[in-house]
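S.K.: one predicted model, sequence on top.
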Amino acid sequence: MPRTRLERVRAAAGIASLALQQIEDDLSADDVDQEELAAILRELIEDTDPPGGFMASVAQLLSVAARRAEQVEPDRDGDASCPLHEAAALITDEAGQRLIWAARALHPQGDG
């Protein structure tokens with residue numbers, strides 16, 4: 001029996017949540033030193049797979065949602081799409097840059 005779109009999204013979000021929990025557990029480990037922490041942070045933001053890193057993928061997801069919201073908003077006034085575009089920009093511009101700064105502060109020499 002085919003699943004609904006919402007069920008597929010819910011399942012995928014659950015998988016993503018489990019993956020994020022694993023990353024959180026790894027970040028919380030007592031044996032993570034500054035070099036390894038910097039490498040983990042870089043992994044979230046660098047041009048890896050997917051292109052642009054994890055943060056860019058989240059921003060892209062929000063941008064897709066914003067474009068769809070533009071098409072379905074009743075008044076086409078941007079009440080839904082504008083905050084989504086802004087959230088994507090904040091992730092890309094603010095969060096991504098702050099991760100870079102933190103990684104450099106922990107281990108400025110490189111990838112670890």
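M.R.: It's in. Values in this document were obtained by computation on a predicted structure and should not be read as measured data.
S.K.: flag the shaky bits of this structure, pLDDT-wise.
M.R.: Confidence mapping of the chain against pLDDT under 70 gives the ranges 1-2, 47-51, 110-112.
S.K.: please repeat the previous calculation with a cut-off of 90.
M.R.: 1-3, 41-57, 73-77, 91-100, 108-112 (pLDDT under 90).
S.K.: right, and residue 88 touches residue 67 too?
M.R.: No. Assessed by CB atoms under 8 Å, residue 88 is found out of contact with residue 67, at 10.2 Å. In short, each C-beta sits where N, CA and C put it, glycine included.
S.K.: more crowded one of those two?
M.R.: Legend: neighbour count by other CB atoms under 10 Å for residue 88 and residue 67, higher for residue 88 (20 against 12).
S.K.: helix/strand/coil for the more buried one?
M.R.: helix (DSSP: H, G, I helix; E, B strand; the rest coil).
S.K.: list the contacts for residue 59?
M.R.: Residue 59 sits next to 88-89, 91-92, 96 when contact means CB atoms under 8 Å, 6 or more residues apart in numbering.
S.K.: run the last query once more with 6 Å
M.R.: 88, 91-92 (CB atoms under 6 Å, 6 or more residues apart in numbering).
S.K.: how about TSV for those residues, with distance to residue 58 added?
M.R.: Compiled in TSV, these are given as follows (distance: CB to CB, whole Å):
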residue	distance to residue 58
88	8
91	6
92	9
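S.K.: list just the nearest of those to residue 78.
M.R.: residue 88 (14.0 Å; CB to CB).
S.K.: surely that closest one and residue 60 touch.
M.R.: No. Contact criterion CB atoms under 6 Å: residue 88 and residue 60 do not qualify, at 7.5 Å.
S.K.: so what sits against both of those two?
M.R.: Joint contacts of residue 88 and residue 60 (CB under 6 Å, 6+ apart) do not exist.
S.K.: run the chain-centre distance for the lengthiest helix in the chain.
M.R.: Taking DSSP state H as the criterion, the chain has its longest helix at helix 5-28. In terms of CA atoms, centre = their mean, to the nearest Å, the centre of helix 5-28 is found 12 Å from the chain centre.
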